[in-house]
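Asker: turn this into a model:
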Amino acid sequence: MDEHTTGQVARATGLSEKAVRLYVDRGLLTARRATEAGPRLFDEDQVARARRVRLLRDVGLSLVEVGDVLGAPDAVAAFDAVWSARRSAVTESLTAGEYVRSVLAGAPRLDVEVRRRAVAERLVLGTVRRATLEELPRVLPEATAAVFDVLRRADAPLAGHPYVEYHERATEGFAARVTVQVPVADAVRPPQGFVLTTDGPHDEAYVALTAAEADDQALLVLVHDHLSSGHALTEGAPAGDNREIYLPTWVARGPGPVLEVAVPVA
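Answerer: You can find the predicted model right below:
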């Protein structure tokens, strides 16, 4: 059976390493050490459990409530008992709750259309940033503008829509590493702080969102989880970090889709 380190569990589930360690200390996750001073090691089932812990925390359950739900003989019934007190919450929270319930029931579903497409190999110019959830609305436009400035000075045409790769999940207290990428038609000599790489050919699963849907942070988180966990895929498995692809309609806020949440698929 595959074993995962604390960092690998954090990366796979969108948790911080500090949160993973806390959940072990609180008995919500189980880990072992090969030696007394060795790193904590998690079995594959604990990765899935960590994702459930995060989902339950995301909809407002306390650590005690999370433990009660996951420790109950019938997790769905236990969740229903807790969630019934929150039925009067806003629509976004209800949607999140129903998604979590479907995950606990073993039949994950989210009312979004997941599409597939093939992406050809391409050159991309990118720059890496770190940002908390609160900082992302400021950091991402700044980084995107910086990439476009490099392209303007190099007189290099675009070859696709700009996108952001989320290597970790940003939270209020954790600055995640993200890369702003722009496909380019020709090779560009990247200045300091920028990298020119090849985005290899791959299949991609994606969900297109309108401006109103993209502004709904609760829904955005659910779509990311739906794709990165593999729940949304009828075949294949996630094979890379989640992406947010910004369409030409993004600035004008429509009409139609303005943003796509995507994940490479093996």
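
Asker: shaky segments in the stretch 1-150 of the chain?
Answerer: 1, 86-93 (pLDDT under 70).

Asker: go again with 80.
Answerer: Applying pLDDT under 80 to the stretch 1-150 of the chain picks out residues 1-2, 34, 36-37, 85-95.

Asker: so for the helix or strand hosting residue 227, what gets flagged as buried?
Answerer: Element membership for residue 227 (DSSP states H and E) is helix 217-228. Applying a neighbour-count criterion of 16 or more other C-beta atoms under 10 Å, one finds 218, 219, 220, 221, 222, 223, 224, 225, 226, 227, 228 buried in helix 217-228. The way it works is simple: take the backbone N, C-alpha and C, and place the C-beta from them, glycine included.

Asker: so the first one versus residue 98, what's the distance?
Answerer: The gap separating residue 218 from residue 98 is 12 Å, by C-beta to C-beta, to the nearest Å.

Asker: ok, and the closest non-adjacent residue to the spatially most central residue of the chain?
Answerer: Taking C-alpha atoms, centre = their mean as the criterion, residue 224 is the residue nearest the geometric centre of the chain, at 4.3 Å. Nearest residue to residue 224 in three dimensions, chain neighbours excluded: residue 242, at 5.3 Å (C-beta to C-beta, 6 or more residues apart in numbering).

Asker: give me the number of residues near the one you found?
Answerer: A count of neighbours around residue 242, defined by other C-beta atoms under 10 Å, yields 20.

Asker: so who does it touch?
Answerer: Shown in contact with residue 242 (C-beta atoms under 8 Å, 6 or more residues apart in numbering): 165, 166, 224, 227, 228, 261, 262, 263.

Asker: how many neighbours does the second one have?
Answerer: Taking other C-beta under 10 Å as the neighbour definition, residue 166 ends up with a count of 20.

Asker: residue 260 versus the nearest residue to it once chain neighbours are set aside, what's the distance?
Answerer: Among residues not flanking residue 166 along the chain, residue 242 sits closest, at 5.0 Å (C-beta to C-beta, 6+ apart). The gap separating residue 242 from residue 260 is 11 Å, by C-beta to C-beta.

Asker: now do the strands in the stretch 151-266 of the chain.
Answerer: Secondary structure of the stretch 151-266 of the chain (DSSP state E, counting those that start in this stretch): strands at 163-166, 176-184, 195-199, 202-209, 242-246, 259-265.

Asker: sorry, that was for the stretch 1-150 of the chain
Answerer: All strands of the stretch 1-150 of the chain, identified by DSSP E, counting those that start in this stretch, fall at 3-4, 32-33, 40-43, 115-119, 122-131.

Asker: closest to residue 235 out of those strands?
Answerer: strand 115-119 (9.1 Å; C-beta to C-beta).

Asker: only the buried residues of that closest one, if you could.
Answerer: For strand 115-119, by 16+ other C-beta under 10 Å, it's residue 119.

Asker: gap between residue 116 and residue 263?
Answerer: Distance from residue 116 to residue 263, by C-beta to C-beta: 11 Å.

Asker: intersection of neighbour lists for the two?
Answerer: Taking C-beta under 8 Å, 6+ apart as the contact rule, residue 116 and residue 263 both touch 204, 205, 206.

Asker: only the buried subset of these, as a ChimeraX command please.
Answerer: Selection of buried members from those for ChimeraX, criterion 16+ other C-beta under 10 Å:
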select :204,205,206
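
Asker: so which of the shared contacts of residue 116 and residue 263 is the closest to residue 69?
Answerer: residue 205 (28.7 Å).
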